[in-house]
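Asker: Show me the folded form of this:
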Amino acid sequence: MQTVAVLSLKGGVGKTTVVLGLASAAMRRGARTLVVDLDPQCNATAALEPDETRLGLSDVLADPRAEVVRSAVAPSGWGEEVDVLVGSEDAELYNGGPDDGKGGLAKLTEALSALDSLIAEGELPYQLVLLDCPPSLGRLTRSALIAADRALLVTEPTIFAVSGVQRAFEAVQAERAANNPRLQPLGVVVNRVRPRSHEHQFRIEELREIFGPLVMPVALPDRLAVQQAQGACLPIHQWGTPGAREVALGFNLLLARTLRAGRRRPGTEPALDDSFDDDPGDHDPELDDGSLPGA
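Answerer: Numbering: from 1, shown residues only. Next comes the predicted model:
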């Protein structure tokens, strides 16, 4: 099971969009996925339309026993391959509450460790767990970084978003040093890119100067289809317009890289400043839907 914290310390950059896009790509591939909605805004929960649950995230963080987690996880409206640990608006109280040390921050880790006991007979285990973090470095985001194997940083190609991803990267380094030595950066994904914008190209080059090969070779284009699919509570892969197909292909490539990172043998993970061994031009033919990027 690969657990990925998806974060940014600046709001509005499309962090939840990346979580939903990865879940859509995983669903298309048949990789069973759990989305954990840690953002008190609960946007991922709304877009995935899970069945009604008796409990939610705040209950799990208060009491991470398996039976509590079971009552907070529901199948999404997308299909049986994607489940949701539903968000709670009152999780904001946990986010801003007093820091009771690593014990409190480890409750999400305890909850995720109970997942194996939740798998019913005949069901496949989760291949991918996506942690949708709030856009702040509070206890919810720190809990995600302690629970995760990889951290995926999301940014837009704007000056303020670049500053936010720098702070997010520093947070990953700090949590890795203090509490989670297995945590590694998956990379920086640039979202909502307009290829003809000189400002966007300038900021992408700036990110490459700062983060080098950690900047994903796949940039996600700015397409109206993303908002349309989310508004209809549908996976981007099912929206069917040329713009949706272009974005979906980007998420296919991003998922391929995510799953490859999860297959690295223990002890071979790259250090924080190491290069990835992926060829920026490569892609997984198994994930490609055969369509050309649309306009």
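Asker: could you show me where the helices are in the protein, in order?
Answerer: Here the chain has its helices, by DSSP state H, at 15-29, 43-48, 57-62, 66-72, 91-96, 102-105, 107-113, 115-118, 139-147, 159-178, 198-211, 224-231, 242-262.
Asker: Which of the ones you listed sits closest to residue 82?
Answerer: Smallest distance to residue 82 across these (Cβ to Cβ): 5.2 Å, for helix 15-29. Where C-beta positions appear, they are placed from N, C-alpha and C, glycine not excepted.
Asker: Show residues contacting stretch 52-61.
Answerer: Contact with stretch 52-61 is made by 36-38, 68-69, 71-74, 85-88, 90-91, 93-94, 107-108, 111, 143, as judged by Cβ atoms under 8 Å, 6 or more residues apart in numbering.
Asker: buried stuff in that stretch?
Answerer: 53, 55-61 (16 or more other Cβ atoms under 10 Å).
Asker: Give me the mean pLDDT for it.
Answerer: For stretch 52-61, mean pLDDT is 94.
Asker: Alpha carbons only: can I get it in PDB?
Answerer: C-alpha atoms of stretch 52-61 as PDB (Å, rounded to 0.1, in the frame of the first residue of the first chain):
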ATOM      1  CA  GLU A  52     -23.700   8.400   4.100                       C
ATOM      2  CA  THR A  53     -21.600   7.400   7.100                       C
ATOM      3  CA  ARG A  54     -22.300   7.400  10.800                       C
ATOM      4  CA  LEU A  55     -18.800   8.800  11.700                       C
ATOM      5  CA  GLY A  56     -16.200  10.900  10.000                       C
ATOM      6  CA  LEU A  57     -12.600  12.100  10.100                       C
ATOM      7  CA  SER A  58     -12.900  13.900  13.500                       C
ATOM      8  CA  ASP A  59     -14.200  10.700  15.100                       C
ATOM      9  CA  VAL A  60     -11.300   8.700  13.700                       C
ATOM     10  CA  LEU A  61      -8.800  11.200  15.000                       C
END
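Asker: returning to that earlier point: want to throw the helices of the chain into TSV with distance to residue 5?
Answerer: Formatted as TSV, the helices of the chain follow (distance: least, Cβ to Cβ, whole Å):
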stretch	distance to residue 5
helix 15-29	10
helix 43-48	13
helix 57-62	15
helix 66-72	18
helix 91-96	15
helix 102-105	13
helix 107-113	10
helix 115-118	16
helix 139-147	4
helix 159-178	8
helix 198-211	17
helix 224-231	21
helix 242-262	12
